[in-house]
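Undergrad: Sequence and predicted structure are below.
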Amino acid sequence: MPQPQNGDRDRNDSSQRTTQKETAGQGGAKQQPQAQNNRRKSESSSNWLAKTGLMSGLAVIGFVLLLFALGQAVGFDLLGLFAEAVSSQTGRWLVVALFALLLIGVAERGLRGTLRRV
């Protein structure tokens, strides 16, 4: 008895499935590096944020120690004067202005890095 011609069709179907799997595998391979790049960027951002926070904290502690040490050296309470100056209305606004300058500097630095990549 002659065999039906489905055998050729089955072979073609299996080769098409193999081609589709290979194509799908390549699409997954393209997506994987993109996901890794996104993960690296988020890790880089969090590392940068942690490093910036740590450096800012160390700078504040260093400034307080500097005022205290200079005050002790000259026999004058520089740290107390600074605390009184910052606690006044004008001093508070000066602190806000310095914080704004810090944010502007950070934003400018971030834009500089972004513009280099473009």
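TA: Cool, the structure landed. Numbering: from 1, shown residues only.
Undergrad: so where's the protein uncertain?
TA: Low-confidence segments of the chain (pLDDT under 70): 1-35, 37-39, 41-42, 113-118.
Undergrad: hmm, 80 instead?
TA: The chain contains residues with pLDDT under 80 at 1-46, 48-49, 106, 109-118.
Undergrad: All the helices of it, in order from the start?
TA: 6-74, 78-87, 89-117 (DSSP state H).
Undergrad: Who are the packing partners of the last one?
TA: Other elements packing on helix 89-117 under the criterion 3 or more C-beta pairs under 8 Å, 6 or more residues apart in numbering; DSSP states H and E are helix 78-87. Placement of C-beta: from N, CA and C, glycine included.
Undergrad: what does the second one give?
TA: For helix 78-87, the elements it packs on are helix 6-74, helix 89-117, judged by 3+ C-beta pairs under 8 Å, 6+ apart.
Undergrad: buried residues in stretch 74-83?
TA: The neighbour-count check on stretch 74-83 (16 or more other C-beta atoms under 10 Å) flags 78-79, 82 as buried.
Undergrad: Now flag whichever of those is closest to Trp48.
TA: When the buried residues of stretch 74-83 are ranked by distance to Trp48 (C-beta to C-beta), Phe82 comes first, at 29.7 Å.
Undergrad: didn't that closest one look like it was pressed against Leu70?
TA: No - the criterion here is C-beta atoms under 8 Å, and Phe82 misses it with Leu70 at 10.5 Å.
Undergrad: Quick check: the gap between Leu103 and Gly110.
TA: Here the criterion is C-beta to C-beta, to the nearest Å. By it, Leu103 lies 11 Å from Gly110.
Undergrad: Tell me how many other residues crowd Gly62.
TA: Other residues within reach of Gly62, judged by other C-beta atoms under 10 Å, total 10.
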